[in-house]
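Trainee: build me a model from this:
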Amino acid sequence: MSIPPLSDEQRRQARTAATEARRRRAEMKQQLRAGTLTIAEVLEIAETDAVIAHAKVIDVLKALPRVGTVRAAEAMDRFDIADNRRLRGLGKHQIAALIAEFSGQRQSAGNRES
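Mentor: Predicted coordinates for the structure are as follows:
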């Protein structure tokens, strides 16, 4: 059983769809960086949006303010989330743990007291 060959038009449509999906995921990550979206909002969107649901968890976490490679990897390990897991593949306990861990990401940058 092999995949049937695609016509040039079908390949062009697939490329266009893939480019649009990458653009939407990049836009979502930029909104996380800017603080206009929270991890909870992204996870809620992923429930109904297949493009966002296909984003890798590690990439979404690294897009959060003040979360780099190390903190994201530690959270993934602590919550038993595989490195290649996508948002759609998260369990309800993993979702709850991520929201609890990173829920203050949006407003915490301006609320520091010295």
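Trainee: which residues of this protein fall in helices?
Mentor: Taking DSSP state H, the helices of the chain run over residues 8-34, 39-46, 50-53, 57-63, 69-78, 92-102.
Trainee: mind checking which of those helices is nearest R85?
Mentor: helix 57-63 (5.0 Å; Cβ to Cβ). Bear in mind the C-beta positions are built from the backbone N, C-alpha and C, glycine included.
Trainee: which helices and strands does that closest one pack with?
Mentor: helix 8-34, helix 39-46, helix 69-78, helix 92-102 (3 or more Cβ pairs under 8 Å, 6 or more residues apart in numbering; DSSP states H and E).
Trainee: list the contacts for L87?
Mentor: 42-43, 46, 52-57, 60 (Cβ atoms under 8 Å, 6 or more residues apart in numbering).
Trainee: so where's this structure shaky on pLDDT?
Mentor: 1, 104-114 (pLDDT under 70).
Trainee: change it to 80
Mentor: 1-3, 104-114 (pLDDT under 80).
Trainee: from the contacts of L87, pick the one nearest R25.
Mentor: Among the contacts of L87, and counting by Cβ to Cβ, the member closest to R25 is A55, at 4.9 Å.
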